[in-house]
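Q: how would this look folded up:
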Amino acid sequence: MIIRIQSPSHGTRRVELSASDTVSKLLTEVQRIFELSANGWYLYQNRNKTGELNATTRKSLKAINLRHGDMLYLDLTSDSVIETMNTSELMSAVNETQAAHTVSVVEDEVDRILSKMDGRIPRPRNQQLCHHGANGKCIHCSPLEPYDEDYMKSHEPPIKHMSFHSHIRKLTGGVDRGKFVSLENLSVRIKPGCTEHPPWPNGICTKCQPSAVVLSRQHYRHVDYVMFENPYIVERFLHFWRSSGSQRLGYLYGKYDIHKDVPLGIKAVVCAIYEPAQESSANSIKLLPDPKAQVVDEIAKKLGLQKVGWIFTDLEADDRRLGTVKHIRHAENHFLTAEECIMAGDFQNQHPNPCCLSPDRYFGSKFVTVIITGDFQNQIHFEAYQVSNQCMALVGDNCLVPTKDAAELGYIKESTPEQYVPDVFYKEKDEYGNEVMGLCRPLPVEYLILDVPSGLPMEAQYTFSQQQQKKKAFPVGNRDNTGETQNFVVLTEYMSQFTDTDILTATADLHVLVYLATMDTLPLRECMAPLLAAIKDDKCEQAIQWAQCEEWATVVQLMQHQAGSSSPTPDGSVGATGVDVPGVLYDETHSTQWTCTHCTFINTSPGGTCEMCGLPKNGDGI
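A: This next block holds a predicted model:
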């Protein structure tokens, strides 16, 4: 059995013993685990320092009524630490331990900011009930805690779930100020390392057996709002469905920020959508291995962005003349299917939320799920969700599967010789209003989902250039089946729309950057760091300076040659003039450099013959 030992200076630790072990063995284990000296400390059964356990007692733990999970209380004196360590050495060791703990958990920037905020909700002075001075406070005007339920219900619109940091404030708001708060992740798998019996399916015990799970609706969420910076992001993503009729899936890249409409709230700001390799139809989407996934994450990181969620369409045209779509997802049908819940849980497990209050160094996830579907007015809109931490555990331990005949129902697997699955229950009210327990075979998935508000800001925001939208857009990757192909010819046509000082505007597009980093002609992945820094900081001069590098000059020359080879000559034929490319492409009228039309060598002298092949510049020598 496991006995918990609580110490005011060391926290809570666990001791594993059997019920037949003596009190003396218990004390020996406590001394070893807490690294205590032989004298100067006492162990009590009660918090008020009664029921002291002595080493002279030869009784077993069962005889003194100690059971599995009981808490004992350790009282230390000033000289109870091992005598070989003096005070300075002890403080140094404690500081090193705290420093190691801090370094090992790097929380998101928004979490670090919110943890330092007061978070309480200010209230104005009530003219009728407040009878104190201007500088005083009373129960009618004192600030409310961020988790106050009456405030959340009276808020317009009502706040359905408190924020994660409000939940933390609630846990740490007691007398002990959260000194012993620990956010433990749920696990529904057999604990490894048990040596008292053969492995499953030949044996299992209470030490390694996971407890039964009772599903409950999660009252907090890690993200309180999903905001798309501007409509162009969504319209560009929707263009695939409008042109092909097939559904589409994409990854949301953006950042997390403070959401001021919810106390201590967090919002996911979407700046771009990347569409991975996939096969899709009107009813299904199948993800394929994406060789560019690592490059996209690398570019996003250098731009100060990260993957904050995933988005997919579930649209079916209703009236093509009016542009309406069918209202598929509603309370009478479903909001999320079991398959979508499982996929959302898998994505959230891949992107855990760093948390210093968890012994696992992570707790929950900020990864969001966004669906573009029809609303009750048959108009296209988007809905955002997250799945609960319990759903993440069931998906992570491979216990939850979908049903074949009902999309809104999941199913908890039964135990097999290969896997032990504990019982999972949910609570519901019967026809008489009594609360009864139901086995999750099947499981209504509404117990697992959290709805998250989503929308657009009052004024459009642009992490990438707004001027770029006035030009012909660069094709989105992985859309070859709709005729949107990314190749060097398309890049040449796209870049020719911009002037030589618009390099920042031309490249401030995630799809352009990914293609430049991975194009077959001359991938620029190794030299794009200065350009990405310029886009992140919106510094046009820095981008123009990057455009002078050798790698980009080579790309410009190749684009110039590509454009020249397809431009008509004065006699109507197509020839390699090499000068008919405006914009950021190389302009020979402003430099002494010129490209030989015969061997493509870049000459630096203003002479009339090529330094490499010796042929004339105007091409008349052939």
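
Q: how about the strands in the stretch 451-600 of the chain?
A: 454-455, 594-595 (DSSP state E, counting those that start in this stretch).

Q: same check on the stretch 251-400 of the chain?
A: Under DSSP E, counting those that start in this stretch, the stretch 251-400 of the chain gives strands at 265-274, 278-280, 285-287, 306-313, 317-319, 324-325, 352-354, 362-365, 368-374, 380-387, 400-402.

Q: so which residue is dead centre in the protein?
A: Phe367 (3.6 Å; Cα atoms, centre = their mean).

Q: got phi/psi on that one?
A: phi -70, psi 130 (degrees, to the nearest 10).

Q: low-scoring stretches of the stretch 1-150 of the chain, by residue?
A: Applying pLDDT under 70 to the stretch 1-150 of the chain flags the ranges 55-57, 77-103.

Q: can you show me the helices along the stretch 1-150 of the chain?
A: Listed in chain order, the helices of the stretch 1-150 of the chain (DSSP state H, counting those that start in this stretch) span 23-34, 87-104, 109-116, 149-154.

Q: flag every buried residue along stretch 405-424.
A: 407-412, 420-424 (16 or more other Cβ atoms under 10 Å). For every residue, glycine as well, the C-beta is placed using N, CA and C.

Q: how long is it from one end to the other?
A: 21 Å (Cα to Cα, to the nearest Å).

Q: quick one on the thing from earlier: okay if I get the strands of the stretch 251-400 of the chain as a markdown table plus distance to Val555?
A: Converted to a markdown table, the strands of the stretch 251-400 of the chain look like this (distance: least, Cβ to Cβ, whole Å):
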| stretch | distance to Val555 |
| --- | --- |
| strand 265-274 | 22 |
| strand 278-280 | 29 |
| strand 285-287 | 31 |
| strand 306-313 | 28 |
| strand 317-319 | 42 |
| strand 324-325 | 42 |
| strand 352-354 | 39 |
| strand 362-365 | 39 |
| strand 368-374 | 35 |
| strand 380-387 | 37 |
| strand 400-402 | 48 |
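
Q: would TSV of those strands with mean pLDDT be doable?
A: Compiled in TSV, the strands of the stretch 251-400 of the chain are given as follows (pLDDT from 0 to 100):
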stretch	mean pLDDT
strand 265-274	97
strand 278-280	94
strand 285-287	95
strand 306-313	97
strand 317-319	90
strand 324-325	94
strand 352-354	95
strand 362-365	95
strand 368-374	97
strand 380-387	95
strand 400-402	95
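
Q: for Ser166, which of those strands is the nearest?
A: Closest of these to Ser166 is strand 265-274, at 8.1 Å (criterion: Cβ to Cβ).

Q: does the residue nearest to the centre of the chain touch Gln348 like I think?
A: Yes. Here Phe367 lies in contact with Gln348, judged by Cβ atoms under 8 Å, at a distance of 4.7 Å.

Q: show me whatever sits in contact with both of those two.
A: Gln386 (Cβ atoms under 8 Å, 6 or more residues apart in numbering).

Q: which stretches in the stretch 401-550 of the chain count as helices?
A: Counting by DSSP H, counting those that start in this stretch, the helices of the stretch 401-550 of the chain are 488-495, 503-507, 510-518, 529-537, 540-546, 550-565.

Q: those: lowest mean pLDDT?
A: Per-stretch mean pLDDT for those is lowest at helix 550-565 (a mean of 85).

Q: please save the CA atoms from that one in PDB.
A: Only the C-alpha atoms of helix 550-565 are listed here, as PDB (Å, rounded to 0.1, in the frame of the first residue of the first chain):
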ATOM      1  CA  GLU A 550      23.900  35.800 -53.600                       C
ATOM      2  CA  GLU A 551      21.200  33.100 -53.200                       C
ATOM      3  CA  TRP A 552      18.400  35.500 -54.000                       C
ATOM      4  CA  ALA A 553      20.300  37.100 -56.800                       C
ATOM      5  CA  THR A 554      20.600  33.700 -58.400                       C
ATOM      6  CA  VAL A 555      16.900  33.100 -58.000                       C
ATOM      7  CA  VAL A 556      16.200  36.500 -59.600                       C
ATOM      8  CA  GLN A 557      18.400  35.700 -62.500                       C
ATOM      9  CA  LEU A 558      16.600  32.400 -63.000                       C
ATOM     10  CA  MET A 559      13.200  34.100 -62.800                       C
ATOM     11  CA  GLN A 560      14.400  36.800 -65.300                       C
ATOM     12  CA  HIS A 561      15.500  34.100 -67.700                       C
ATOM     13  CA  GLN A 562      12.200  32.300 -67.200                       C
ATOM     14  CA  ALA A 563      10.200  35.400 -67.900                       C
ATOM     15  CA  GLY A 564      12.500  36.400 -70.900                       C
ATOM     16  CA  SER A 565      12.200  33.000 -72.500                       C
END
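
Q: return the set of buried residues in it.
A: Buried-residue list, helix 550-565, by 16+ other Cβ under 10 Å: 552, 555-564.

Q: okay, among those residues, which ones form the most distant pair?
A: Applying Cβ to Cβ across the buried residues of helix 550-565, the maximum distance is between Trp552 and Gly564, 18.2 Å.

Q: tell me the contacts of Lys255?
A: 268-269, 271, 304-306, 308.

Q: any idea how far Ile342 lies from Leu66?
A: Plainly put, Ile342 is 42 Å away from Leu66 if you go by Cβ to Cβ, to the nearest Å.

Q: kindly apply the preceding question to Val476 instead.
A: 65 Å.

Q: again, but for Gly203
A: Per Cβ to Cβ, Gly203 is found 25 Å from Leu66.

Q: again, but for Ser37
A: 24 Å.

Q: which of those two has more neighbours?
A: More crowded of Ser37 and Leu66, by other Cβ atoms under 10 Å: Leu66, with 21 against 15.

Q: fine by me, thanks again.
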